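# sequence and predicted model, in that order:
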Amino acid sequence: MRSVDQVGNWSPDAAHFGPFRIDRIAPNLPTVLGAAPPINVWTAATGLQVDLAAGADVGSGLRGYSVVWDTAPATVPDDTLEVGVTPSLTANMLATAADWYLHVRSLDHAGNVSSGTLHYGPFRVDRAPPGLLAVSSTAPPSMTWSNAATLVVNLMPASDAGSGLDGYSIVWDASPSTQPDADKDIGAVNSVELNTSSNAVSTWYLHVRSLDQVGNVSPGTMHHGPFWIDRVPPASVIFAPLVELAGAPIPVSWSGSDAGSGIAAYSAQARLSPSGAWSVWVSDAPSSTLNALYTPGAPQCGQRYEFRSRARDAAGNLQAGWSMTASTLLISSHPITGLVVNNLGQPVYGVQFTASDACTALPSDAQGRAWAYFTAPGAYTLTVAHPRFGSLPALRERSVGGPRPRVVLPPQDNVLLNSHFKTNAGWTFFGQAGYAGIAHSG
């Protein structure tokens, strides 16, 4: 620039101003060199990083970027500078499940903004834990006793808002509050099973945590149970009187034991010994019923009736076979009783009274008492037998209801004591004594 006055004089020198540096060309967009984690892959990463190659600017030069991270695929950032020129852009993710996108515009030093936008994504971020599953049904039901060999729990799948359900971490144990670990044990199945131990009583709970495709684990646990399992059969024993009058009902009782669920019911059978057919007499009586009267169909003195029992527990286990039998001998109301002792006056066990007219007889008990029963009153001839004393002579005729005979057996070693005598008919307590040339005990 030169100056000139009113009469046309010009300044000898010129003034120079400039340069005015004009840049009206928008910068180019950056390009993506890489990303961690990669896009289109589900991740539980807490941070995202995108590595950039800066876009060119032919004029004033690149100043930085306007940046937006959001969940929309086409957002356009404003023309405000957020970050300077940097080789990478990062973002920290919230605990949520969403598809995230990076949006970038370039800005130069003249204020020009790229007309387009770099859109990069989606980053499939899932930091939200899955929900808990629910139980739809079980076999057998929980909180009831069962003898099931296999427990089956049918499931309603857990929900997941992000990457999707991957499976479950499960524990079966006897505790109601166990927390499974964060490791997947099974896939996203619709049911789980447990094989129970045979011949054992046990209590089981199922504990389940959900896992999604990126490893997020439900913070809580689904607990279900208890399942009460009893696979041990019960036992029972039956009792009956040794003798009962023919025509009278026979009082029979029983009891049982069970290691787990407890006795639920008893059954009992009866038969005429020794080879009558067993018939059910008591069927599934409740556990509180521990006795009953059995009435024979056509009772006779000398008949013997046998009884046996079987228990069932609350889990459905049936006793393994019937119990050992108890038996009752039917007797009459017309007995002859006797007392059997040895030559020292000591009671002898197991001596049998016999009589041709007796309907039955009982061997002597530990007190030496023996019985023979008859269908009517009268006088009867009794004999005595014992395997350790050989054949013994007949006793005198005795009457029903008469004095109780005292039977004194001979000494086993043939030593005569207390005025016992040997006659040709055998050992006796009266008659003419003789001499035994050969020792014997009969």
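Good, I have the coordinates. Numbering: from 1, shown residues only.
# excluding its backbone neighbours, what's nearest G338?
Distance criterion CB to CB, 6 or more residues apart in numbering; nearest residue to G338, sequence neighbours excluded, is P405 at 4.4 Å. The C-beta positions use only the backbone N, C-alpha and C, and glycine is treated the same way.
# so the one you found sits right up against L339, yeah?
Yes - judged on CB atoms under 8 Å, P405 makes contact with L339 at a distance of 7.5 Å.
# give me the element the spatially most central residue of the chain is part of.
Closest to where the C-alpha atoms of the chain average out (CA atoms, centre = their mean) is I229, at 3.5 Å. Secondary structure from DSSP states H and E places I229 in strand 222-230.
# just to revisit the earlier point, quick one: residues contacting the residue nearest to the centre of the chain.
If a contact means CB atoms under 8 Å, 6 or more residues apart in numbering, then I229 has 145-148, 151, 196, 200-204, 260, 315 as its contacts.
# report the beta-bridge partner residues of it.
I229 forms beta bridges with S146, S202, as assigned by DSSP bridges.
# from P219, how far off is R209?
9 Å (CB to CB, to the nearest Å).
# more neighbours: those two, which one.
R209 (27 against 10; other CB atoms under 10 Å).
# in three-state terms, label S323 for me.
Here S323 takes the coil state, with states given by DSSP: H, G, I helix; E, B strand; the rest coil.
# typo on my end, W281
W281 ends up strand, using three-state DSSP.
# need the per-residue pLDDT for A97.
The per-residue pLDDT reported for A97 equals 77.
# which residues touch the residue nearest to it when sequence neighbours are not counted?
In space, A97 comes closest to G162 once its chain neighbours are excluded; the distance is 3.0 Å by CB to CB, 6+ apart. If you count contacts by CB under 8 Å, 6+ apart, G162 has them with W42, A97, A98, R124, V125, D126, R127, A128, D212, Q213, V214, N216.
# again, 10 Å this time
Neighbour list for G162: 42-44, 96-99, 124-130, 212-214, 216 [criterion: CB atoms under 10 Å, 6 or more residues apart in numbering].
# if we can go back for a sec, which neighbours do R209 and P219 share?
Common neighbours of R209 and P219 (CB under 10 Å, 6+ apart) are P129, P130, L132, Q179.
# identify the residue spatially nearest to D173, adjacent ones excluded.
D173 sits nearest to Y205 (CB to CB, 6+ apart), 6.3 Å away.
# measure the one you found to R231 for me?
18 Å.
# beta-bridge partners for G84, please?
Bridge pairing for G84 - DSSP bridges - gives G64.
# check contacts around the residue nearest to D173.
Y205 neighbours (CB under 10 Å, 6+ apart): 142, 171-178, 223-227.
# can you redo those as CSV with distance to S106 and neighbour count?
Listed next are the contacts of Y205 as CSV, based on distance: CB to CB, whole Å; neighbours: other CB atoms under 10 Å:
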residue, distance to S106, neighbour count
S142, 64, 17
V171, 55, 17
W172, 60, 17
D173, 61, 13
A174, 65, 11
S175, 61, 13
P176, 61, 12
S177, 58, 8
T178, 57, 14
H223, 56, 17
H224, 58, 18
G225, 62, 21
P226, 66, 17
F227, 66, 24
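# just give me the closest of the contacts of I229 to R369.
Taking CB to CB as the measure, R369 lies nearest G260 of the contacts of I229, at 45.1 Å.
# just give the nearest non-adjacent residue to that closest one, would you?
Leaving aside its sequence neighbours, G260 sits nearest to D230 (CB to CB, 6+ apart; 3.2 Å).
# quick one: pLDDT of the one you found?
On pLDDT, D230 comes in at 97.
# switch to numbering from 21
Got it, first residue is 21 now, which makes that one D250.
# run through the residues that contact it.
Under the criterion of CB under 10 Å, 6+ apart, the neighbours of D250 are 165-168, 216, 220-223, 278-282, 333-337.
# just give the nearest non-adjacent residue to A64, would you?
Using CB to CB, 6+ apart, the nearest residue to A64 is V234, at 4.1 Å.
# report pLDDT for the one you found.
95.
# tell me which element it is part of?
Applying DSSP H and E, one finds V234 in no helix or strand.
# hang on, it packs against A117?
Yes - using CB atoms under 10 Å, V234 is in contact with A117, at 9.4 Å.
# any common contacting residues for the two?
W62, A64, R144, V145, D146, R147, A148, D180, G182, S183.
# so which of the residues you listed are in strands?
The strands, defined by DSSP state E, take in W62, R144, V145, D146 from the shared contacts of V234 and A117.
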